[in-house]
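Q: Here is my input, please return the structure:
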Amino acid sequence: MPRPLITQPVDLSRAYRLAGNTRAEAIAVNDRGAVAGNLPLEHMLLLLRRAPEREQALQRYIEELHDPHSANYHRWLTPSQLGDRYGAAPQDIDAVSEWLRSQGFTVNFVYPTRMTIDFSGMAEQVERALHTPLHHLDVQGERHTANMNDPAVPAALAPAVAGIASLHDFRPRAMKRPRSPRPQYTFPGPGVDVQAITPGDLAAIYNFTPLFAAGITGKGQTIAVVEDADLYTTDDWYTFRDTFGLSRYSMGSLALAHPAAAAGKACTPGGISFGDDSEAILDAEWASAAAPDATIQVASCASTRTTFGGLIALENLINADTPPSIISISYGECEALAGAALNEAFRAAYQQAVARGISIFAAAGDQGAAACDAGDQGATHGISVNAFASTPYNVAAGGTDFGDTYSNTNAMYWAKANDANYASALSYIPEIAWNDSCAGGLLASAFGFTVGYGDDGLCNSTLGRQSELLTVQAGGGGPSGCATGAPATPGVVGGTCQGYDKPSWQTGVRGIPNDGVRGVPDVSLFAGTGVWGHYYVTCYSDVHFGGVVCSGDPSGWSGAGGTSFGAPILAGIQALVNQKTGSAQGNPNYAYYRLAAVPGALCDSAAGDQPASGCIFHNVTQGDIAVNCGGGQNCYGATGPTGRRGPVPNGALSRSADQYVPAFGAAGGWNFATGLGSVNVANLVNRWPRD
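A: Numbering: from 1, shown residues only. Below you'll find the predicted structure:
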């Protein structure tokens, strides 16, 4: 039996504050008063903590699950086995549940893994029991509800309570970016046609074609894409497959799910809201493009007043009797803003998923190394990464762009006309780090500037200040910095913040810094938004939220980029691996880094990739993910390999030295800009370690 952590009787006069769980927006200037005391709050998630020796034992077992020399290799666990072997002590669960009931809450159920309690109540009960009032907020014209200070629990229960996943309605961002129309500028030199990326192009560029020809198409595999909204219409998915020739793979199917926990009341339909249906359809379409014979399960739950619907769906999926073997999630929030409890919720969920053999793919983010500045025109919060992608238990999908426009070699890689399925890519195309910011070195060079930063840089030019290049839009990457603890300044890594320890598998490849913390991304795929002339096509017909009716030439359909695409495509690639090997694989990073360490597996992307090459990863060595500071100033700063603040070059800043984000340039080996690089899919699948 596990050792109980709760050893003292509950004394309501002694409270323990759960630090790091108040949104940065919960401040007086945004406060619009307390919510009604009888406001219902459904499906709050209380996260439990296991004894340290049990946590260490689970971590060891996960290592053994991925070690071909271990007797436990691929001996995945069921939810009940996870609960019995590694769950919280039954006495602790009972004590916490009884306290919740004594405070008027309804305990809906305890998940089978015995690490999460689903409970409901009212705002007045939260204020009384958790010592935090919930208020209405007005944040830049948007109405929100949030707790105004860190919640607290009785001190006697604190050893067994990791936190409440959240007590607010701020939602993570989808990691997609609409197509950039490029109306305000043109590149020097000859005119460049726009080549939109279709499924056929994807197959040619990343070498799916030999696998598809051999029947490795994702047969028998299920990929769940986690959402908080339903599809606008399933017709879009079928139109996408029909138009681009995927419907010939007759086993491919679409399944819509509102995954419920055992008690059956933990998930309500996500509905169509705020344009998140566009994220749901692109995930479903592009997972299908990579694994055309797989079942694509759109798993969506509505967000509640306190809990992100995607987290509810994720918890229910990993606790199901028959879970999908692959899950993709394309949402995120920076570690320092997500808060300690939400960070822990995703870490624990991914950990449980991996122990079950489930492979998790998460978008690394679309703000370079400035994840806490999402949606802004400039960075002001320093180095940060996406909390949903920085755990040790998931693959973080970064972003690249194609380098043909930069090098004026478009004609080498594209046919003059599309084929019947609108594909025109001829081969692999050398890649650069995805960066749409004026701070990016390659964009600066293309427009005749030596650098992007400084008084004479692109960001401070008339073009830089007036175009869509004034953005923090770039592939997410950097060191984990605030997975646990609480920042001293909201949204800025500091205070008691700590990043995740560097995982055992993140080793063996040159370029991996000896900094002791998890670095992202792991691998990358194309994520461009059209700045360099390329973007992804999607069929998204919800005209109420920016969609376009999917008829006629697909060049007139919706277009987008971002690391949202990389996560479901990599999930599709994993479906090919699972079909070829005949088994689930758990955390693919064990194999990725092991394969990358083999001599010859990493090839310089700039040199191209021939069909008969031995490349497994296209090591991206051009570009960076530098972004500009708020107010139009560049945030570039020199750093050491850890990404921590270092000496600042003269003229590099025109604001405080605390406000910059490093360039994190692409380079030989692993790097913060693109990780190991992109993949040669056929070589990756064919050389995957076998059971």
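Q: how about low-confidence regions in the protein?
A: Within the chain, the ranges that satisfy pLDDT under 70 run 180-193, 262-264, 274, 466, 611-612, 631-663.
Q: Domain ranges for it, per the record?
A: In terms of domains, the chain is parsed into 15-50+87-170, 174-183+206-349+361-686 (source: automatic domain parsing).
Q: from the chain's centre, how far out does the first one sit?
A: Meaning domain 15-50+87-170. Mean-position distance between domain 15-50+87-170 and its chain equals 25 Å (C-alpha atoms, centre = their mean, to the nearest Å).
Q: Make residue 1 into 35 and carry on from there
A: Will do, 35 is the new start, and the previous item becomes domain 49-84+121-204.
Q: As TSV, the domains of the chain with mean neighbour count and distance to residue 38 would be great.
A: Every C-beta, even on glycine, is put in place using the N, C-alpha and C of the backbone. Putting the domains of the chain into TSV (neighbours: other C-beta atoms under 10 Å; distance: least, C-beta to C-beta, whole Å) gives the following:
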stretch	mean neighbour count	distance to residue 38
domain 49-84+121-204	19	4
domain 208-217+240-383+395-720	23	19
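Q: For residue 35, find the nearest of the ones you listed.
A: Judged by C-beta to C-beta, the one of the domains of the chain that comes nearest to residue 35 is domain 49-84+121-204, at 7.2 Å.
Q: picking up where we left off before, as JSON lines, the domains of the chain with distance to residue 110 would be great.
A: Converted to JSON lines, the domains of the chain look like this (distance: least, C-beta to C-beta, whole Å):
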{"stretch": "domain 49-84+121-204", "distance to residue 110": "13"}
{"stretch": "domain 208-217+240-383+395-720", "distance to residue 110": "7"}
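Q: Nearest to residue 94 among these would be which one?
A: domain 208-217+240-383+395-720 (10.5 Å).
Q: The closest one: end-to-end distance?
A: 32 Å (C-alpha to C-alpha, to the nearest Å).
Q: and if you look at stretch 415-431?
A: With C-alpha to C-alpha as the measure, stretch 415-431 spans 22 Å from end to end.
Q: just stretch 465-481 next, same as before
A: Rule used - C-alpha to C-alpha; the end-to-end distance of stretch 465-481 is 19 Å.
Q: what's the offset of it from the middle of its chain?
A: Its chain's C-alpha centre and that of stretch 465-481 lie 23 Å apart, by C-alpha atoms, centre = their mean.
Q: Helices of the stretch 385-534 of the chain, residue ranges please.
A: 438-441, 444-447, 475-480, 496-500 (DSSP state H, counting those that start in this stretch).
Q: same thing with the stretch 135-284 of the chain?
A: 157-164, 233-240, 243-247, 269-277.
Q: okay, those helices in CSV with distance to residue 187 next?
A: Converted to CSV, these look like this (distance: least, C-beta to C-beta, whole Å):
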stretch, distance to residue 187
helix 157-164, 7
helix 233-240, 49
helix 243-247, 51
helix 269-277, 44
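Q: Distance check, residue 209 against residue 530.
A: 28 Å (C-beta to C-beta, to the nearest Å).
Q: Can you name the next helix or strand after the one helix or strand residue 604 maps to?
A: Of the helices and strands defined by DSSP states H and E, residue 604 is found in helix 597-615. Using DSSP H and E, the next helix or strand after helix 597-615 towards the C-terminus is helix 623-630.
Q: Residues touching that following helix, excluding its own?
A: Judged by C-beta atoms under 8 Å, 6 or more residues apart in numbering, the contacts made with helix 623-630 from elsewhere in the structure are 100, 429, 537, 539-543, 556-557, 619, 635-636, 650-651, 704, 710, 718, 721-723.
Q: Distance to residue 35 for the helices of the stretch 385-534 of the chain - can I get that in CSV?
A: Conversion of the helices of the stretch 385-534 of the chain to CSV gives the following (distance: least, C-beta to C-beta, whole Å):
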stretch, distance to residue 35
helix 438-441, 62
helix 444-447, 62
helix 475-480, 59
helix 496-500, 64
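Q: Mind checking those helices for the one nearest to residue 417?
A: In terms of C-beta to C-beta, the element of those nearest to residue 417 is helix 475-480, at 18.1 Å.
Q: could you say what helices and strands the closest one packs with?
A: Using 3 or more C-beta pairs under 8 Å, 6 or more residues apart in numbering; DSSP states H and E, no helix or strand is in contact with helix 475-480.
Q: go again using 10 Å as the cut-off
A: helix 438-441, strand 465-467 (3 or more C-beta pairs under 10 Å, 6 or more residues apart in numbering; DSSP states H and E).
Q: all strands for the stretch 285-434 of the chain, in order.
A: Ranges of strands within the stretch 285-434 of the chain are 287-291, 329-334, 360-363, 365-366, 393-397, 429-436, based on DSSP state E, counting those that start in this stretch.
Q: Validate this expectation: residue 92 resides in a helix.
A: Yes: residue state for residue 92 (DSSP: H, G, I helix; E, B strand; the rest coil) corresponds to a helix.
Q: Burial check on the closest residue in space to it that isn't next to it in sequence, number of neighbours?
A: Taking C-beta to C-beta, 6 or more residues apart in numbering, and ignoring the residues beside it in sequence, residue 92 has residue 120 as its nearest neighbour in space, at 4.3 Å. By the measure other C-beta atoms under 10 Å, the count of residues near residue 120 is 24.
Q: Roughly how far does the nearest residue to residue 366 once chain neighbours are set aside sit from residue 650?
A: Spatially, and ignoring its direct neighbours in sequence, residue 366 is nearest to residue 420 (3.8 Å; C-beta to C-beta, 6+ apart). When C-beta to C-beta is the yardstick, residue 420 and residue 650 sit 25 Å from each other.
Q: circling back: if we compare the strands of the stretch 285-434 of the chain, which one ends up closest to residue 350?
A: Taking C-beta to C-beta as the measure, these were each checked against residue 350, and strand 329-334 came out nearest at 7.9 Å.
Q: hey, C-alpha coordinates of that closest one in PDB?
A: Coordinates of the C-alpha atoms in strand 329-334 are reproduced here as PDB (Å, rounded to 0.1, in the frame of the first residue of the first chain):
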ATOM      1  CA  THR A 329      -9.200   7.000 -38.100                       C
ATOM      2  CA  ILE A 330      -9.100  10.700 -37.100                       C
ATOM      3  CA  GLN A 331     -10.900  11.300 -33.900                       C
ATOM      4  CA  VAL A 332     -11.900  14.900 -33.200                       C
ATOM      5  CA  ALA A 333     -12.100  14.800 -29.400                       C
ATOM      6  CA  SER A 334     -13.700  17.900 -28.000                       C
END
